[in-house]
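[1] Just need the structure, nothing else, for what follows:
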Amino acid sequence: MANEKKSKLALKLKTYKSHPGSFALFLIVILSAIVTVGALGFIVVHILVNGIPNLNRDLFAVKYNSDNCSMLPAIVTTVAVTAMTLLVAVPFGIGSAIYLVEYANKENKIVKIISVTTETLSGIPSIVYGLFGMLFFVYSLHWGKSILAGAFTLAIMVLPTIMRTSEEALLAVPVSYREGSFALGVGKLRTIFKIVLPSAVPGILSGIILATGRIVGETAALMYTAGTDTAMIQNVFSSGRTLAIHMYSLSREGLHTGEAYATAVVLLIVVMLINALASFIAKRISKV
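    Numbers count the residues shown, from 1 in each chain. Predicted coordinates:
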């Protein structure tokens, strides 16, 4: 097996060397991959080296104060905001994708407007979403600076991502799956939920993972809508800071740089756990 792999690699290198352009492109691709992985590795190692020594029990105290700089309230707020945002955005995003792929007439002007609007929303800076959320949810609806206002603002922000990735995942499902289901007398709605959606789950979850990463790392939009309160949240109308805002606040003050690095470690672990959970769910559903 090892000799076979070596012979294949030698054959590829020989082919590349006979075509200078292909060989140059091959080197560029390899170099790009090395730089990308190296940059990611450097960031992760830097955070771990500077953050792990600063982790201590005080950072997980129930109440925050200037002495312990506890991140536990921020962890609870982050989980609550992420769950609420996905609870709002995922059904609307997947539902919109199902409509556009399975039901909508591609030549319809409304469908074209929806596509253009979705692309436009994807390019709007997060601070603009924050200003909109502050004017509409905080002041117009009188929700105040709360995790509810923050969650709805983030739901609008990540909706295009979930919608577009879900649409691409549904389009990637072979038409033969649908035709085979229809041939057996299965209705359209049942075909979508029993045949098409399970096949598209890995792609849909990829979009949800991307959206989750943006939610967890967001600061600008949440500062205007959810606030920066350090206390433990009591309900959906409580103001609170997420881990990203907590880390930003600590680093901005310049007095708690070590605690900021420790927060970055916890934030990194939270993102990795969310990604691992999503991948596990995708594999389980694909097997079913």
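
[2] Just want to check the distance between residue 23 and residue 34.
    When Cβ to Cβ, to the nearest Å is the yardstick, residue 23 and residue 34 sit 17 Å from each other. In short, each C-beta sits where N, CA and C put it, glycine included.

[3] out of these two, which sits in the busier spot?
    For residue 23 versus residue 34, the count of surrounding residues by other Cβ atoms under 10 Å is larger for residue 23: 14 against 10.

[4] For the more buried one, give me the pLDDT.
    The model reports residue 23 with a pLDDT of 72.

[5] would you list every one of the helices in the chain?
    Assignment of helices within the chain using DSSP state H yields the ranges 2-18, 20-51, 72-98, 109-122, 126-133, 147-171, 175-183, 188-191, 197-217, 220-225, 243-253, 257-287.

[6] Wait, residue 59 touches residue 69, no?
    Yes: using Cβ atoms under 8 Å, residue 59 is in contact with residue 69, at 6.6 Å.

[7] anything in contact with each of these two?
    When Cβ atoms under 8 Å, 6 or more residues apart in numbering defines a contact, the residues bordering residue 59 and residue 69 alike are residue 259.

[8] Among these two, which residue is more densely surrounded?
    With other Cβ under 10 Å as the criterion, residue 59 and residue 69 differ in neighbour count, and residue 69 comes out ahead with 24 against 19.

[9] which one is that one nearest to, not counting chain neighbours?
    residue 259 (4.3 Å; Cβ to Cβ, 6 or more residues apart in numbering).

[10] Kindly reformat the helices of the chain as CSV containing distance to residue 140.
    Shown next, in CSV, are the helices of the chain (distance: least, Cβ to Cβ, whole Å):
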stretch, distance to residue 140
helix 2-18, 61
helix 20-51, 39
helix 72-98, 18
helix 109-122, 20
helix 126-133, 10
helix 147-171, 11
helix 175-183, 43
helix 188-191, 37
helix 197-217, 23
helix 220-225, 12
helix 243-253, 23
helix 257-287, 32
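
[11] looking at the ones you listed, which has the lowest confidence?
    Summarising mean pLDDT across the helices of the chain, the least confident stretch is helix 2-18, with a mean of 63.

[12] Ok, which of the helices of the chain comes nearest residue 235?
    Proximity of the helices of the chain to residue 235 was assessed by Cβ to Cβ; the nearest stretch is helix 147-171, lying at 8.7 Å.

[13] what angle separates the closest one from helix 126-133?
    On the basis of axes from the mean of the first three to the mean of the last three Cα atoms, to 10 degrees, helix 147-171 is oriented at 120 degrees to helix 126-133.

[14] List the buried residues of helix 147-171.
    147-170 (16 or more other Cβ atoms under 10 Å).

[15] Which residues are in contact with residue 227?
    Residues near residue 227 by Cβ under 8 Å, 6+ apart: 145-146, 150, 239-241.

[16] closest to residue 194 among those residues?
    Looking at the contacts of residue 227 and their distance to residue 194, the nearest is residue 150, at 35.8 Å (Cβ to Cβ).

[17] where's the residue nearest to that closest one when sequence neighbours are not counted relative to residue 236, distance?
    The spatial neighbour of residue 150 that comes closest, neighbours along the chain excluded (Cβ to Cβ, 6+ apart), is residue 226 at 3.1 Å. Here residue 226 is placed at a distance of 11 Å from residue 236 (Cβ to Cβ).

[18] got any residues that touch both of these two?
    What both residue 226 and residue 236 touch, as defined by Cβ under 8 Å, 6+ apart, is the set 146-147, 151.

[19] Domains in this structure, by residue range?
    Domain assignment for the chain, taken from automatic domain parsing, gives 2-54, 59-287.

[20] And for the closest residue to residue 237 other than its chain neighbours, the neighbour number?
    For residue 237, ignoring the flanking residues on the chain, the nearest one in space by Cβ to Cβ, 6+ apart is residue 146 at 4.5 Å. When counting by other Cβ under 10 Å, one arrives at 22 neighbours for residue 146.

[21] Residue 146 and residue 239 touch, don't they?
    Yes: using Cβ under 8 Å, residue 146 makes contact with residue 239 at a distance of 5.8 Å.

[22] coming back round to it: who are the contact partners of the residue nearest to residue 237?
    If you count contacts by Cβ under 8 Å, 6+ apart, residue 146 has them with 138, 225-227, 236-239.
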